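Asks: Below: sequence and its predicted model.
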Amino acid sequence: LKVKANYFKFTLKCAIIRYLVQVTPEIQQYHLALYYKIMRAASAQTNEVFKIYMPLNFVVYSPESIEGVEWTSQPVEVENTQYTITLKKSSIIDTEDRECQNFLGRFFKVMQSKLRFQEINRKYFDPTREYKIDDFRLKVWPGYSSSLQVFKDQILINIDSSFKVIRDKTALEALREHLKACNQNQEKVSEEMVGTSVMTVYSKKIYRIDEIVWNKNPTDTFETKTEKISFLEYYQKKHAIDIRERQQPLFLHKAKKGAIRELLLIPELCVVTGLSDDMLRNREVMTALAKRTKPNPEARLREAASLIKTLNTNEKIAQLLKDWKIDISDEPYMFNTQKIDAGNVVMGTKGNSGRRLEYPWETTDKLQMKIQDVMHTQPDILKLAIVCAERETDALNTFMDNLREANKQYERPIQSKPEEFLVRDERHWDSWERVLQKLDKGFDSVFVLLPGRKNDGMHYDKVKKFLIEKVPIPSQVVLVSTIKAGKNLRSIINNCLMQLAAKLGGIPWTTNELPFSEAPTMVVGVDVYHKSRNKSILAVCCTMDRNLSKYWADFRYHNEKQEIATKLEELMEEALSEFLATHKRVPSTLIIFRDGLSETMMSTLGEHEVKGVQRAIEKVSPGQKINLIFTCVNKRVNAKFFKADGNTIDNPPQGTVVADKITSAKDFYLVSQKILTGRGSATPTHYYILHNDLASEDPAKTREVIEKMEVLAYKMCFLYYNSVGAIKAPSPIQYAHRLSNFVGDKWRDEIRPHEKLRKRRSLYWI
């Protein structure tokens with residue numbers, strides 16, 4: 001399979017020499033601000049030694065060689081002290097060294113700064129190409145993200161399109177809306193708004209809100225270099241802007257670098273960036289945005305190549321490249337790779353045939369319909385309850401008619417007639433609570449038909465919490481509005497029954513020829529919910545059967561000051577103990593897919609977590625070998641791959657795996673989803689194997705293990721029961737993500753599922 005990637009060759013045609021910088025009198029390495037002041041003061045002298053050079057921390061890089069071994073400047077005065085700098089020739093930097101990547105990354109950043117784009121969170125945006133979506137009061141800034149990576153035999157620049165959405169709503173308007181929604185609770189408003197970004201209307205610069213300063217307002221004063229002045233006076237004098245609301249609080253932005261480390265902003269003079277939750281749920285808004293923010297493969301690759309052309313034709317940048325003898329190709333990097341096969345979906349036995357239903361995942365027409373059939377492992381639903389508002393009996397009757405047909409389709413998992421419970425006054429939670437309390441008498445599951453709109457069912461959070469903590473039975477919520485709409489209702493009810501079966505411990509489907517399943521294996525998904533300012537939620541979801549489709553899961557609340565590794569150790573000790581109790585032995589192989597660790601976090605947090613898992617293994621299975629494979633999974637990557645078929649650029653087929661050219665011996669990219677024409681560009685998922693007990697001194701054998709991991713990762717993308725087809729990451733990760741977010745998004749207070757649910761080994765939260 002021939003593919004193009006959004007990578008471009010960066011060729012260094014000369015040796016780069018490292019010079020160590022010594023400052024006299026000596027200053028500490030962390031005094032970088034002072035160091036750069038001294039370097040600027042001595043720049044006139046340095047320019048006589050080098051025509052071309054670049055300082056980076058206490059090192060100077062240059063393609064030029066000085067006479068002799070070192071050079072010392074004449075004294076320069078900085079902050080009332082006389083300093084000299086000495087440059088000592090050290091060595092030529094190795095292109096395969098991390099230092100070379102740091103230098104080239106700095107060089108590329110200098111190049112980008114000359115384009116005068118606006119930098120936001122390490123991405124660059126061009127406000128001059130702003131696009132307005134007037135119907136929804138939105139603006140879109142096009143831009144790009146970039147990184148420079150050094151591989152064994154080449155240097156490549158990765159460039160990908162990026163977009164910044166700005167709302168035509170002031171931050172003061174947003175602040176007032178949050179205050180109203182939170183009943184004027186300032187602490188809750190701070191939780192909602194801190195961490196979001198705003199853009200100042202007078203400078204078009206974007207800042208992160210790090211704190212809301214409730215005890216300050218625009219009438220307060222601050223000191224400039226020349227005077228003490230109020231914010232009201234300053235903005236009138238500096239920007240000719242009259243601030244209307246004098247009692248609004250201020251936003252505090254804490255800069256990580258620069259002379260000004262703290263900046264107070266006026267909400268009235270800022271607009272909100274990003275999308276609100278309501279906008280994310282609005283199909284019309286998302287469709288309008290997608291036309292701009294989801295370019296097709298050809299447009300996406302063309303945009304990346306055009307940036308390289310801009311760099312090469314910009315007068316200042318072209319001179320910089322010439323001085324350093326650097327070439328950047330504007331042709332996307334092309335190479336051969338391969339596609340792996342997803343295999344077949346495996347379901348239950350239909351009738352008396354004795355054979356399981358099987359269909360190829362990738363080529364079966366109307367798979368969505370065919371998969372709504374007898375399940376792989378179908379639980380008996382012995383006593384089912386249906387709870388509905390009394391005034392919605394028509395919707396209840398429609399639901400029951402469709403449920404009876406669905407039950408026939410699945411060959412009658414519901415063993416007896418469901419019992420109906422009506423809620424008289426649905427507006428009040430007490431009415432629902434009284435009815436739900438009755439389910440504590442032998443019911444094994446419940447359908448709850450709730451009034452309300454999508455993602456906002458009436459009393460949804462309270463119903464779920466009650467059925468998790470007080471009356472521990474699996475539940476499936478169906479909106480009355482969905483039933484009344486009638487569109488695709490039979491298919492929806494089929495899926496609801498399938499999900500309820502999964503919540504009871506059933507297995508709707510699995511997939512054939514799963515790698516590692518020839519011996520007892522546990523596959524674990526790990527995800528951390530970080531939305532809360534003070535607490536995170538660590539969730540794990542672990543397979544407990546040979547088909548890697550039956551799960552044990554749990555979560556832990558985690559304070560900022562605690563190590564995640566400690567909580568992961570606790571959870572893995574429990575999970576391995578459960579496996580041991582079930583199978584009378586521990587797994588031969590333990591495969592962990594850890595979501596959310598960036599490249600910089602892998603070597604620190606990742607290694608701590610590996611050690612935590614190893615301690616759990618030792619506790620449960622002292623002296624008995626369990627082979628651990630710990631894999632970091634990153635769904636947010638800038639790498640994109642495109643099928644290169646003649647002059648046509650298209651998305652690669654699902655199952656495309658890249659494990660060469662732009663990877664090491666420990667990682668690979670996988671395109672698991674099929675992207676339909678007109679739906680944008682495929683984004684691969686990156687897998688990095690941080691720890692591998694099955695690795696061998698023989699590279700070929702190690703490669704075999706990684707190839708099995710590629711196939712396992714792809715096949716497990718098809719085992720998520722909330723959708724038919726592949727998702728972006730293996731299903732245990734998505735189940736762990738759903739569990740951590742289910743707990744974190746719904747309830748501010750800590751909750752603990754009832755022991756009956758925790759021991760059920762089911763997906764009660766999906």
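Replies: Nice, I can see it.

Asks: Show me where the stretch 501-650 of the chain has its helices.
Replies: 564-583, 599-601, 607-620 (DSSP state H, counting those that start in this stretch).

Asks: Tell me how many other residues surround T84.
Replies: 16 (other Cβ atoms under 10 Å). Backbone N, C-alpha and C define where each C-beta goes, glycine included.

Asks: that older thread, comparing the helices of the stretch 501-650 of the chain, which gets the lowest mean pLDDT score?
Replies: For the helices of the stretch 501-650 of the chain, the weakest mean pLDDT is recorded on helix 599-601, namely a mean of 77.

Asks: Any chance of the helices of the stretch 501-650 of the chain in CSV with mean neighbour count and distance to E710 as columns?
Replies: Output for the helices of the stretch 501-650 of the chain, formatted as CSV (neighbours: other Cβ atoms under 10 Å; distance: least, Cβ to Cβ, whole Å):
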stretch, mean neighbour count, distance to E710
helix 564-583, 19, 24
helix 599-601, 12, 19
helix 607-620, 19, 21
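
Asks: Can you redo those helices as JSON lines, where the extra columns are distance to L56?
Replies: Shown next, in JSON lines, are the helices of the stretch 501-650 of the chain (distance: least, Cβ to Cβ, whole Å):
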{"stretch": "helix 564-583", "distance to L56": "33"}
{"stretch": "helix 599-601", "distance to L56": "18"}
{"stretch": "helix 607-620", "distance to L56": "27"}
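
Asks: So for T24, which of these sits nearest?
Replies: Minimum separation from T24 across the helices of the stretch 501-650 of the chain (Cβ to Cβ) falls at helix 599-601, 34.0 Å.

Asks: For the closest one, name the packing helices and strands.
Replies: Helix 599-601 is packed against no helix or strand, with contacts defined by 3 or more Cβ pairs under 8 Å, 6 or more residues apart in numbering; DSSP states H and E.

Asks: what does it contact?
Replies: 634, 688 (Cβ atoms under 8 Å, 6 or more residues apart in numbering).

Asks: The closest residue in space to D97 that isn't next to it in sequence pairs with what?
Replies: Spatially, and ignoring its direct neighbours in sequence, D97 is nearest to V150 (8.0 Å; Cβ to Cβ, 6 or more residues apart in numbering). According to DSSP bridges, the partner residues bridging V150 are I155.

Asks: Distance check, V150 against R427.
Replies: Counting by Cβ to Cβ, to the nearest Å, the gap from V150 to R427 is 63 Å.

Asks: For D380, give me phi and psi.
Replies: phi -80, psi 120 (degrees, to the nearest 10).

Asks: which ones are touching the residue lying closest to it once chain neighbours are set aside?
Replies: Once flanking residues are discounted, D380 sits nearest to Q415: 5.4 Å by Cβ to Cβ, 6+ apart. Shown in contact with Q415 (Cβ under 8 Å, 6+ apart): 380-382.

Asks: Tell me the pLDDT of Q415.
Replies: 92.

Asks: Provide a complete list of residue ranges assigned to helices in the stretch 101-250 of the chain.
Replies: 171-181, 186-193, 231-239.

Asks: among those, which gets the worst mean confidence?
Replies: helix 186-193 (a mean of 88).

Asks: Give me the secondary structure label for the closest residue to G505 other than its chain neighbours.
Replies: The spatial neighbour of G505 that comes closest, neighbours along the chain excluded (Cβ to Cβ, 6+ apart), is S762 at 4.0 Å. Secondary structure, DSSP: H, G, I helix; E, B strand; the rest coil: S762 is coil.

Asks: Okay, now the unreliable bits of the stretch 651-766 of the chain?
Replies: 748 (pLDDT under 70).

Asks: what about the helices in it?
Replies: Using DSSP H, counting those that start in this stretch, helices in the stretch 651-766 of the chain cover 699-716, 731-746, 755-759.

Asks: To V140, which of those helices lies closest?
Replies: So among the helices of the stretch 651-766 of the chain, helix 731-746 is nearest, using Cβ to Cβ, at 27.0 Å.

Asks: The closest one versus helix 699-716: what angle between them?
Replies: Helix 731-746 and helix 699-716 are oriented at 50 degrees to each other (axes from the mean of the first three to the mean of the last three Cα atoms, to 10 degrees).
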